[in-house]
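>>> Predicted model and sequence follow; I will ask about them next.
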Amino acid sequence: MIAPTDAPALVRAAATLGADLRADRAALLLAYLDAMLALNEQLNLTAVRDREAAVVLHVLDGLGFARAGLRPHHVLDLGSGNGFPGVCVAALHPGSSVVLLDRTGKKVRAIGSCLVQAGWSEVETLQLDAAQAPALRPDLRHAFDAVVVRAVGEPGPVAQLAGPLLRPGGHLVLWLDAEARPPARLGPLRRERVLTYDLPEPAPRRRMLGVYGRRA
């Protein structure tokens, strides 16, 4: 498999990851990616400048969420940065509410602009430090049935940030390098499964998802 460059090719590539991606959602994802890469010329949103590599490392990697087998309704992308993987989860689950949270204002404004340019309507951005979120926004406590985290930090500290925001029965999904050894427990969260998938050229690598559940 090579990097998909249009919506039909992205639908086919997503299927190899077990993702059932509609063509209109694939088009939205690529429109968002293109807006982000254009804005990246002014702001440092990603170190990946090549579009085909960005499709692999941001879009396909984010679509790896499908491997988790979850059907969330309220999703938080914690430390979203450039909007991935949150927009991928939104693409996979039309009708779900997705919040892209980051503490850096210029990043939040940037991804908000990209969402508008790409035509997204159901994804929200929020500038807030995740550590302060439960105190400053009590409505966010136990509000999400899935928290997704990619490239933010080590699993232990990340779980401490995510725990108060997860509702009972919810799941924390961590993107990890293939060599990682996800612990069996992260505080009140218990590892339910570890999943792997392979990304294609021009940025081939094996990736891992650690799925942790909070007891209902």
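Thanks, I have the structure now.
>>> How many residues are close by residue 173?
As a burial measure, residue 173 scores 24 neighbours (other CB atoms under 10 Å). Yep, even glycine has a C-beta here, placed from its N, CA and C like the rest.
>>> low-scoring stretches of this structure, by residue?
1-3 (pLDDT under 70).
>>> buried set for the longest helix seen in it?
In terms of residue count, the longest helix belonging to the chain (DSSP state H) is helix 23-39. Within helix 23-39, the residues scored as buried using 16 or more other CB atoms under 10 Å are 25-33, 35-37, 39.
>>> TSV please, covering those and showing distance to residue 187.
Shown next, in TSV, are the buried residues of helix 23-39 (distance: CB to CB, whole Å):
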residue	distance to residue 187
25	34
26	36
27	39
28	35
29	33
30	37
31	38
32	33
33	34
35	37
36	33
37	37
39	36
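>>> quick one on the thing from earlier: hey, C-alpha coordinates of the longest helix of the chain in CSV?
Provided in CSV are the C-alpha atoms of helix 23-39 (Å, rounded to 0.1, in the frame of the first residue of the first chain):
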residue,chain,number,x,y,z
ALA,A,23,-16.0,9.1,1.1
ASP,A,24,-17.4,12.5,2.3
ARG,A,25,-15.6,12.1,5.6
ALA,A,26,-12.4,11.2,3.8
ALA,A,27,-12.7,14.4,1.8
LEU,A,28,-13.2,16.4,4.9
LEU,A,29,-10.1,14.8,6.5
LEU,A,30,-7.9,15.7,3.4
ALA,A,31,-9.3,19.2,3.3
TYR,A,32,-8.4,19.7,6.9
LEU,A,33,-4.9,18.3,6.3
ASP,A,34,-4.3,20.6,3.4
ALA,A,35,-5.5,23.6,5.4
MET,A,36,-3.2,22.6,8.3
LEU,A,37,-0.2,22.1,6.0
ALA,A,38,-0.8,25.5,4.4
LEU,A,39,-1.0,27.2,7.8
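>>> ok, residue 18 to residue 85 distance?
15 Å (CB to CB, to the nearest Å).
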